[in-house]
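Asker: missing the sequence, but the structure's below:
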């Protein structure tokens, strides 16, 4: 049985963040072996996926505002490299997340040749500084692989208000995984795990090995879902509420954005007219069929996400023409995302993009349509 939302809110007011969201946390001494994905929960709670240790770490950043839009950075890789004593060629930005409490941008960075995994922060002045977690509280949770398997990748992580979700893959037949972690996040605990099966529209078959590349938690009525995007690019939803750990869940594919694409980021927003959309930011790995860049994004109406009729899902899911900029109805290209290698939601109608222009990465805020 779920705890009512008003009780969760009351508990949050009565308890400090570390007590409301973290259970038995460690204080200081955090060491990250790797970083594949980062995102934020409430009140500046940073979630870090560390595939090398097969774990998700929740960190109390104490970065709770006031909120301000991040400053523009013209050549981000060079700026980071200068601060880390290396060159831009030795810097890889693995992921980016906006803290909704402060507007600051957090960057997951890998530095070569030592392959150090680091987190950096961009503030409202465009200043880039290291994220110092040496004295912060955190909880680390292990992601289970299975009876005879292990987690081989963690593709995304997100907070839905009552729990943490993570997605990834294992080295077995039902390899696609959805992990759930209850809140408060108990240090040293183990996540629950669900195996996911998805209909891939472009391939015309059900698949169990392809992991969800990026996802959002989604609520409709009293039911909870994970809405995720896969390579080539079906967007599917999985009902996860009250499913026991170890179960296999069959997804419902609602949209096919086109084969030859790999999704990078997802987020939900409401436009100025009040219409709800899910933005799917992706990278085309086949020949570019339209637009000025292989990095692009589309917004998908929630009318598609809410589809459940067998005449509109799975084998009959809405399929987008990869050579067309518009259509079908309810699927639209977002011009502001051309060239963006990383994207995250900033405000009600804005996002932060990390854009590749002639080999240089610039960070800026953009308006959404």
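Answerer: Cool, got the structure. Because the structure is predicted, anything quoted here is derived from the model rather than measured.

Asker: Now residue 277. Nearest residue, chain neighbours left out?
Answerer: Distances taken as Cβ to Cβ, 6 or more residues apart in numbering place residue 299 nearest to residue 277, at 4.2 Å, with adjacent residues excluded. Just so you know, the C-beta spots here come from the backbone N, C-alpha and C atoms, and that holds for glycine as well.

Asker: Secondary structure element holding that neighbour?
Answerer: strand 295-301 (DSSP states H and E).

Asker: elements contacting that strand?
Answerer: strand 276-284, strand 331-333, strand 340-347 (3 or more Cβ pairs under 8 Å, 6 or more residues apart in numbering; DSSP states H and E).

Asker: That strand pairs with which strands?
Answerer: Taking DSSP bridges as the criterion, strand 295-301 pairs within the sheet with strand 276-284 (antiparallel), strand 331-333 (antiparallel).

Asker: coming back round to it: would you mind putting the helices and strands packed on strand 295-301 into CSV with distance to residue 48, mean pLDDT and mean neighbour count alongside?
Answerer: Output for the helices and strands packed on strand 295-301, formatted as CSV (distance: least, Cβ to Cβ, whole Å; pLDDT from 0 to 100; neighbours: other Cβ atoms under 10 Å):
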stretch, distance to residue 48, mean pLDDT, mean neighbour count
strand 276-284, 20, 96, 22
strand 331-333, 32, 94, 19
strand 340-347, 15, 97, 22
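
Asker: Out of those, which gets nearest to residue 268?
Answerer: Counting by Cβ to Cβ, residue 268 lies closest to strand 276-284 out of the helices and strands packed on strand 295-301; the figure is 5.2 Å.

Asker: hmm, back to that, list the contacts of the strand holding residue 299.
Answerer: 235, 255, 257, 264-265, 275-284, 320, 329-334, 337-341, 343, 356, 368-369 (Cβ atoms under 8 Å, 6 or more residues apart in numbering).

Asker: just stretch 218-225 next, same as before
Answerer: Residues outside stretch 218-225 that contact it (Cβ under 8 Å, 6+ apart) are 160, 217, 226, 227, 237, 238, 239, 240, 241, 268, 305, 306.

Asker: now stretch 39-46
Answerer: Residues outside stretch 39-46 that contact it (Cβ under 8 Å, 6+ apart) are 12, 17, 21, 38, 47, 58-64, 97-102, 106, 119, 156-159, 161, 164.

Asker: number of nearby residues for the residue lying closest to residue 167 once chain neighbours are set aside?
Answerer: Using Cβ to Cβ, 6+ apart and skipping residues adjacent in sequence, the residue nearest residue 167 is residue 212, 4.1 Å away. Look at residue 212: counted by other Cβ atoms under 10 Å, it has 28 neighbours.

Asker: Quick check, pLDDT for residue 212.
Answerer: Note on residue 212: pLDDT of 96.

Asker: Give the pairing partners of the strand or helix carrying residue 206; include direction for each.
Answerer: Assigned by DSSP H and E, residue 206 belongs to strand 205-207. Applying DSSP bridges, strand 205-207 is found paired with strand 192-200 (antiparallel).

Asker: Show me how far the partner strand is from its chain's centre.
Answerer: Offset of strand 192-200 from its chain centre (Cα atoms, centre = their mean, to the nearest Å): 17 Å.

Asker: for stretch 177-193, same thing?
Answerer: In terms of Cα atoms, centre = their mean, the gap separating the centre of stretch 177-193 from the centre of its chain is 17 Å.

Asker: Endpoints of it, how far apart?
Answerer: End-to-end span of stretch 177-193 (Cα to Cα, to the nearest Å): 7 Å.

Asker: That one - what's its average pLDDT?
Answerer: Averaged across stretch 177-193, the pLDDT comes to 96.

Asker: can you tell which of the helices and strands packed on strand 295-301 is closest to residue 85?
Answerer: Among these, strand 340-347 comes nearest to residue 85, with 23.4 Å by Cβ to Cβ.

Asker: before we move on, back to that, can you give me every residue that contacts the residue nearest to residue 167?
Answerer: Residue 212 touches 155, 156, 167, 176, 178, 196, 226, 228, 229, 230, counting by Cβ under 8 Å, 6+ apart.

Asker: hang on, residue 367 packs against residue 347?
Answerer: No: counting by Cβ atoms under 8 Å, residue 367 stays clear of residue 347, with 9.4 Å between them.

Asker: Stretch 339-359: end-to-end distance?
Answerer: End-to-end distance of stretch 339-359 (Cα to Cα): 10 Å.

Asker: what's it in contact with?
Answerer: Stretch 339-359 is contacted by residues 69-70, 76, 93, 95-98, 100, 103, 105, 264-265, 267-272, 279, 281, 283, 292-293, 295, 297, 336-337, 361-368 when judged by Cβ under 8 Å, 6+ apart.

Asker: now the strands: where do they sit in the stretch 201-350 of the chain?
Answerer: With DSSP state E, counting those that start in this stretch as the definition, the stretch 201-350 of the chain shows strands at residue ranges 205-207, 214-220, 223-229, 234-239, 248-250, 252-256, 261-270, 276-284, 295-301, 318-319, 331-333, 340-347, 350-357.
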